[in-house]
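Participant: I'd like to go over a predicted model; first the sequence, then the structure.
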Amino acid sequence: MEVLDQKVKKFLLFLKTSNVEAGAAINSLLWFLTGYRC
């Protein structure tokens, strides 16, 4: 869980630093969640 938590924090930081549109952010979040669901 610790590794996953670090990845989530990095991902959120990535969303903050890269000024992406809301749609792209949602798509990235969905990809992120489905990618780590398995």
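Facilitator: Perfect, thanks for sending it.

Participant: what's the helix or strand hosting residue 11 in contact with?
Facilitator: Assigned by DSSP states H and E, residue 11 falls within helix 2-17. Helix 2-17 is contacted from outside by 25, 28-29, 32, 36, using CB atoms under 8 Å, 6 or more residues apart in numbering. For every residue, glycine as well, the C-beta is placed using N, CA and C.

Participant: Ok, stretch 27-38 next?
Facilitator: For stretch 27-38, using CB under 8 Å, 6+ apart, the contacting residues are 4, 7, 11, 15, 20.

Participant: tell me the pLDDT at the second one?
Facilitator: The confidence metric pLDDT takes the value 87 at residue 7.

Participant: now swap in residue 1 and tell me
Facilitator: For residue 1, the predicted pLDDT is 62.

Participant: For PyMOL, write a command that selects the buried ones of the contacts of helix 2-17.
Facilitator: With 16 or more other CB atoms under 10 Å as the criterion, this PyMOL line picks the buried residues out of the contacts of helix 2-17:
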select buried, resi 32
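
Participant: With pLDDT and secondary structure added, can I get the contacts of helix 2-17 in CSV?
Facilitator: Listed next are these as CSV, based on pLDDT from 0 to 100; DSSP: H, G, I helix; E, B strand; the rest coil:
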residue, pLDDT, secondary structure
25, 78, helix
28, 82, helix
29, 83, helix
32, 84, helix
36, 66, coil
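
Participant: now, the most widely separated pair of the contacts of helix 2-17?
Facilitator: 25 and 36 (16.7 Å; CB to CB).

Participant: Find the centremost residue of the chain, please.
Facilitator: residue 11 (3.9 Å; CA atoms, centre = their mean).
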